[in-house]
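Asks: sharing a model that was predicted from the sequence below.
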Amino acid sequence: MTTTRYFITYSGIKLPFNLVSELQEQEVQNRNTYFRGYFDSKERLSGFDKLAYGEIELQHRYTYHGNGRLSSAEITDIDGEVTMVVFDAEGKPA
C-alpha cells in the first residue's frame, strides 16, 4: 500500500531525499510549487514528484534492499531524461 503526502521542500543532498515541511492535501491548492511524496507500508519514501504550476518538473522513484538500505534511484528530469543510480547492500553507489 502506498500513502501520498505533500511537502514544501526537502533537505540534504543524499538519496533518498528527505521531504520536509509537510502540507495538508487542501493546502497544495494555494501553492505554485510543492512535492508529492509516496511512502510504502514501512513509511519509506518510494518516490516523489516535484510539481511547479501543475506540471511535474522532477520525479524520483526509489527501491530498497531487504536490509532497508537504498537499492536504486530512478530520476527523471523536466526534459524526460532518466538517470538510474544503483546502490549495493551497504548503500554505496554500485
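Replies: It's in.
Asks: and the strands in the chain?
Replies: Under the criterion DSSP state E, strands of the chain are mapped to 3-11, 18-23, 33-39, 45-52, 55-64, 70-76, 82-86.
Asks: the third one pairs with which strands?
Replies: In this case it means strand 33-39. Strand pairing for strand 33-39, determined by DSSP bridges: strand 3-11 (antiparallel), strand 45-52 (antiparallel).
Asks: next one: the shortest one
Replies: The pairing partners recorded for strand 82-86 under DSSP bridges are strand 70-76 (antiparallel).
Asks: quick revisit: of the strands of the chain, which is nearest Ala94?
Replies: With respect to Ala94, and counting by Cβ to Cβ, the nearest of the strands of the chain is strand 82-86 at 4.5 Å. Placement of C-beta: from N, CA and C, glycine included.
Asks: enumerate the positions of that closest one that are buried.
Replies: Within strand 82-86, no residue counts as buried by 16 or more other Cβ atoms under 10 Å.
Asks: ok, now stretch 57-71?
Replies: 59-62, 64, 70-71.
Asks: can you list the low-confidence ranges for this protein?
Replies: In the prediction, the chain carries no residues with pLDDT under 70.
Asks: of the buried residues of stretch 57-71, which is the nearest to Glu90?
Replies: Nearest to Glu90 among the buried residues of stretch 57-71: Leu70, at 10.2 Å, using Cβ to Cβ.
Asks: which non-adjacent residue is nearest the closest one?
Replies: Computed as Cβ to Cβ, 6 or more residues apart in numbering, the closest residue to Leu70 that is not its neighbour in sequence is Phe87, at 4.9 Å.
Asks: hey, what's that neighbour bridged with?
Replies: Pro93.
Asks: that one and Gly68 touch, don't they?
Replies: No - using Cβ atoms under 8 Å, Phe87 is not in contact with Gly68; the gap is 11.8 Å.
Asks: next up, the contacts around the residue nearest to Leu70.
Replies: By Cβ atoms under 8 Å, 6 or more residues apart in numbering, the contact set of Phe87 is 65, 69-73, 93-94.
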